[in-house]
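Q: Output the structure for:
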Amino acid sequence: MEWTDEGIVLASRPHGEAAAVVVLLTSEHGRHAGLVRGATSPRNRGVLQPGNRVEATWSARLPEHLGSYRIELKESHAPELFDDALKLAGLAAASAVAERALPEREPHPGIHDALNALIGAMEMAELGSAWVAAYVKWELGVLAELGFGLNLEHCAVTGNNDELAYVSPRSGRAVSLSAGEPYREKLLTLPDFLIGRGGGEPEDLLAGMKLTGFFLERHVFGAQGEAPPAARDRFLERLRGTVE
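A: Purely as a prediction, here's the structure:
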């Protein structure tokens, strides 16, 4: 069997002397791995960088087989971000989260398209740090796609949508300032940029990463008996270094 699809490179791992197992987030076939022969050639090394947009043809004798890829580069992103360590860390983190969180071979076209948009935002210098807000929103989208969406529109206690300031770690629902004040040490901070207030101050961006990280660890990585991706931890630490 054979299919052709657009994809984003998530990871490439050596296999034998010259091949690699490459993991793509494809538009119509989800997170999907395949063997690329000649992956160590100078041409392919540049193609198989995380974040690159490619056209891939996958073929195998049976659907359950690993199969092999023929890959053509459509758009290269890593070189555009090479001089920005924070953006490179963000690209590595998003690739790792997508690889680890999304079920294999289950289509998630919305997450694929949102990841393309996030990478595009990283390349727009005029956005400043706003791309980090887009990263947090992308992770919220991953959670929602997997059935663990947060409810940030109304207070879980009062039902109102004014002065929302916290998120309950138990329910994933927003909590207002007054209702949450007695329990503030047990609640997560709700960043203003997630409810249409402010453009994403540095402290807010860090709070957003902590918020999505908490629920990803609880519902996704922890449920699999695994720690969060190391690439995401490195991104968080680098982001924290720009704030503190």
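
Q: Identify the bridge partners of the spatially closest residue to residue 156 that is not a sequence neighbour.
A: Closest residue to residue 156 apart from its sequence neighbours, by C-beta to C-beta, 6 or more residues apart in numbering: residue 173 at 3.8 Å. To be clear about C-beta, it is placed using only N, CA and C from the backbone, and glycine gets the same treatment. Judged by DSSP bridges, the bridge partners of residue 173 are residue 151.

Q: So residue 173 sits against residue 159, correct?
A: No - checked against C-beta atoms under 8 Å, the pair residue 173 and residue 159 is beyond contact range at 10.6 Å.

Q: Of those two, give the one with the bigger neighbour count.
A: residue 173 (17 against 8; other C-beta atoms under 10 Å).

Q: Let me see the contact set for the residue nearest to residue 156.
A: 150, 151, 152, 154, 155, 156, 167 (C-beta atoms under 8 Å, 6 or more residues apart in numbering).

Q: Any idea how many residues pack against the last one?
A: The number of residues packed near residue 167 is 26, by other C-beta under 10 Å.

Q: next one: the second one
A: With neighbours defined by other C-beta under 10 Å, the count for residue 151 comes to 13.

Q: what ranges of the chain fall below the confidence cut-off?
A: Scanning the chain for pLDDT under 70 picks out the ranges 125-127, 199, 243-244.

Q: the helices in it, which residues?
A: Along the chain, the segments classed as helices by DSSP state H run 42-47, 78-81, 85-101, 109-122, 130-145, 177-180, 202-216, 230-243.

Q: helices or strands up against the fifth one?
A: Meaning helix 130-145. helix 85-101, helix 109-122, helix 202-216 (3 or more C-beta pairs under 8 Å, 6 or more residues apart in numbering; DSSP states H and E).

Q: list the buried ones in that helix?
A: 131-143, 145 (16 or more other C-beta atoms under 10 Å).

Q: ditto for the last one
A: Judged by neighbour count using 16+ other C-beta under 10 Å, the buried positions of helix 230-243 are 231, 232, 235, 236, 238, 239.

Q: For that helix, C-alpha coordinates in CSV please.
A: Extracted C-alpha coordinates of helix 230-243, given in CSV (Å, rounded to 0.1, in the frame of the first residue of the first chain):
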residue,chain,number,x,y,z
ALA,A,230,13.4,16.8,28.0
ALA,A,231,13.2,19.2,25.1
ARG,A,232,10.2,20.9,26.7
ASP,A,233,12.0,21.1,30.0
ARG,A,234,15.0,22.8,28.3
PHE,A,235,12.6,25.3,26.6
LEU,A,236,11.0,26.1,29.9
GLU,A,237,14.3,26.7,31.6
ARG,A,238,15.5,28.9,28.8
LEU,A,239,12.3,30.9,28.9
ARG,A,240,12.6,31.2,32.7
GLY,A,241,16.1,32.6,32.2
THR,A,242,14.7,35.5,30.1
VAL,A,243,12.2,36.4,32.9
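
Q: now the angle from it to helix 130-145?
A: With axes from the mean of the first three to the mean of the last three C-alpha atoms, to 10 degrees defining the directions, helix 230-243 sits at 140 degrees from helix 130-145.
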